[in-house]
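Peer 1: Give the three-dimensional model of this entry:
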Amino acid sequence: MKKLKKVIIALVFIVSAVGFTNAQSKVAHINVSELLAEMPEMIAAQAELKKLSETYRVDIESSMTELKNKYTQYSNEATSMSEEENQKRALELQGFEKNIGEAQQAAQQELQKKQAELFKPISEKAQAAIEKVAGAQGYDYVIDATQGGGLIVYKGKDLLPEVKQELGF
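Peer 2: Okay, the predicted model is just below:
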């Protein structure tokens, strides 16, 4: 009976020691926003989005100028036109204005779609590099240290320099 107690106590200590060792997880942190902002692919993607946005802005401004010119023309000619013609012109202006609003919404949706299309592979590349560096250095957890992301104290290892090196910049 005494021998069984000793064996059970020894097993408890061994299990406790193994459990304590396994509970010692290595934790690192990285500012993912900073990493993404400095990636050359992200800089190129943002430039492409800016160019596309500018194209949409110019098109919409052109339409707005055309609408303004028609409104001015119709206002100046309103006294010399019949009531029926003025109503027809007012409907035309409303339709034109509606088309501009729809074009603005379509442009916004297209920009969001393009942003998602461009940013997804960049985010995936960053994620893969973070996982590779963390795995190579034996980290079990990597926490995003982006400001406002919930990380308050970060005394652990910062992986940003190694991940940037992994990505080649």
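
Peer 1: Does anything pack onto the longest helix seen in the chain? Which helices or strands?
Peer 2: If you go by DSSP state H, the chain has its longest helix at helix 83-136. Counting contacts by 3 or more Cβ pairs under 8 Å, 6 or more residues apart in numbering; DSSP states H and E, helix 83-136 packs against helix 32-38, helix 40-77, helix 160-167. For every residue, glycine as well, the C-beta is placed using N, CA and C.

Peer 1: Tell me which helix or strand comes right after it.
Peer 2: strand 141-144 (DSSP states H and E).

Peer 1: The helix or strand just after that following strand pairs with which strands, and in what direction?
Peer 2: Using DSSP H and E, the next helix or strand after strand 141-144 towards the C-terminus is strand 157-158. Strand pairing for strand 157-158, using DSSP bridges, gives strand 27-30 (parallel).

Peer 1: coming back round to it: also compute the angle for the longest helix of the chain relative to helix 40-77, please.
Peer 2: On the basis of axes from the mean of the first three to the mean of the last three Cα atoms, to 10 degrees, helix 83-136 is oriented at 170 degrees to helix 40-77.

Peer 1: So what angle separates the directions of helix 83-136 and helix 160-167?
Peer 2: Relative orientation of helix 83-136 and helix 160-167, computed by the same axes, to 10 degrees: 100 degrees.

Peer 1: From here on, call the first residue 31.
Peer 2: That works, and once the first residue is 31, the last one we named lands at helix 113-166.

Peer 1: next one: helix 113-166 to chain centre, how far?
Peer 2: 14 Å (Cα atoms, centre = their mean, to the nearest Å).

Peer 1: next one: stretch 92-103
Peer 2: 36 Å.

Peer 1: buried stuff in that stretch?
Peer 2: For stretch 92-103, a neighbour-count test (16 or more other Cβ atoms under 10 Å) marks S93 as buried.
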